[in-house]
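# just to be clear, the model below is a prediction. Sequence and coordinates:
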There are 2 protein chains.
Amino acid sequence: MIHDNSQSHHNHNQCIKTALATAETLCTEQGQRLTKVRRRALELIWESHRPLGAYQLLAKLAEEGFNSAPPTVYRALDFLLNAGLIHKVESMNAYLGCAHADKAHKGYFLICDQCHNVMEFDYQDIHASLIEKAAQQGFELRSETIELIGLCASCQSAAASAGASA
Amino acid sequence: MIHDNSQSHHNHNQCIKTALATAETLCTEQGQRLTKVRRRALELIWESHRPLGAYQLLAKLAEEGFNSAPPTVYRALDFLLNAGLIHKVESMNAYLGCAHADKAHKGYFLICDQCHNVMEFDYQDIHASLIEKAAQQGFELRSETIELIGLCASCQSAAASAGASA
DNA sequence: AGAGTTTTGTTATGGTATAACAATTAAAAC
DNA sequence: GTTTTAATTGTTATACCATAACAAAACTCT
C-alpha cells in the first residue's frame, strides 16, 4: 500500500495514465466536470515526482497558455482536493497526486527531509486508533493530517557514505 | 495526558507560570538564552487560548515596543520551536505552547473546525506504530505532524441544539 | 434560443515566511 | 578590563502562499 514516485523501478507514466483514467471515471460518475485546466493540472502534479507548489504548477500551466493568475490554479487545486484526486502536504504547502482516489482514505505521508520525495501510505490500524482516541475526548473526527518527516533509505545511505569519507 | 486551554476549569495562569519556569530551566541547562523578546513571545503564545499566528504575535510584540518587522517574530518562533517550547500547527500556520517541553515527545493535536480550540495529546501507542511503519520502509523518523481536525464536544452539542430548533 | 448554473478571467489584496546585511549586545579570551 | 568573537537584534526588501470580489464566458437544460 505504498506509492513511491521516487523509485526508479516505478513506471510512473503508467501511474499517470491510471490516475487520469480513474479521475475521468470518478468525475463522470459524480457528474463533475474534469475541464481542460483541471485535467492538465492533475497531469502536471502527477508528472512531478515530488509535491508541487501551487505557484510552480501555475507557472507550468501559464507556459501552456492557460491563464496565469493565482485563482486559476487554486480553483483547480480545490476541485481536485474535493474530488479526492490529490492531497495537500500541509507541512510543505504542496500538492501530490493521490494513488487511491477511488477508495475513501486519508493521506498519510513519509516525507524525506533531504530529497523531498514523499511516499504515501495507508494504515488502517492507525486510523482506527486515532478515531478511537478522538472519540474518548468527545471529538468527532473529520479529517487527518499525518505527515512523518525524516530520512528516506537512499538519503540515509548517502549520508552514511559521506560520513565515512569525512 | 490532555492539555486543553479551552476548558473553563483549567487554571491557565498557573500553566503559563509553569511553562515559563520550565522554559527558564531548560534554557539555562542547555546554555540557551531566553532573551526578553523570546520570553515575552512564549508568554503571549501561552496567554492565547488558541494557536496564535506569527503576525498576530508580531502585532502584540509591537504594541509592547518590540521591533515590528517580521524577522523579529520568526526568529523568536524558531528559537522556541527548536527548544521544544512551542509547536507549530501546520494546518493552521499557527503556534501553540507546549505543555510537556521537559519531556521529549511529539505534539499530536485535536483541532476543532468550529471554535479553533486545540487539544494536545500524547499517544505512545501511535508513536510506536508510526516509527515501526516508517522503519518498514527503511525510513528514519525525525519528526511527526499529527493533526486531527473535527468537531469538539461542545461544538457538537451547539450544532445539535441549533439543528433541533431549525 | 433563453434562463439558470458553473466555470473562467481579471484585478486587487491579504497572509505567511525568508534573504541579506548592518548594528548592537553578550560572552569568552586574553 | 579591554579586545576578540559569537550571538542576537534591527532594517529593508522581497518571495511565496492564498483568497475576495465582480465581470465575462461557456456549458446545461428545457
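Ah, there it is.

# residues from chain A in reach of DNA strand C?
For chain A, the residues in contact with DNA strand C (Cβ under 7 Å from any atom of the strand) are A:32-33, A:35-38, A:66-67, A:69-72, A:75-76, A:79. Any C-beta I mention is one placed from the backbone N, CA and C, and that applies to glycine too.

# out of those residues, which are inside strands?
The strands, defined by DSSP state E, take in nothing from the residues of chain A next to DNA strand C.

# please indicate which of those are buried?
A:37-38, A:66, A:72, A:76, A:79 (16 or more other Cβ atoms under 10 Å in any protein chain shown).

# now pLDDT too, for those residues, in CSV please.
Output for these, formatted as CSV (pLDDT from 0 to 100):
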residue, pLDDT
A:V37, 98
A:R38, 98
A:F66, 97
A:T72, 98
A:A76, 98
A:F79, 98
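
# for these, work out which two are farthest apart.
Comparing all pairs in those by Cβ to Cβ, the longest separation belongs to A:F66 and A:F79, at 14.2 Å.

# so which of the residues of chain A next to DNA strand C would you say is closest to chain B?
A:P70 (17.5 Å; Cβ to the nearest Cβ).

# which residues touch that closest one?
By Cβ atoms under 8 Å, 6 or more residues apart in numbering or on different chains, the contact set of A:P70 is A:54-55, A:58.

# quick check: pLDDT value at it.
As predicted, A:P70 sits at a pLDDT of 98.

# which of the contacts of A:P70 count as buried?
The buried subset of the contacts of A:P70 - by 16+ other Cβ under 10 Å - is A:54, A:58.

# quick check: buried residues in stretch A:17-24?
Buried residues in stretch A:17-24, counted by 16+ other Cβ under 10 Å: A:19-20, A:22-23.

# ok, back up a step: and of the residues of chain A next to DNA strand C, the nearest to DNA strand D?
For the residues of chain A next to DNA strand C, the closest approach to DNA strand D (Cβ to the nearest atom of the strand) belongs to A:P70, at 3.6 Å.

# what mean pLDDT does the helix or strand hosting A:A160 get?
Per DSSP states H and E: A:A160 is located in helix A:153-165. Looking at helix A:153-165 alone, the average pLDDT works out to 80.
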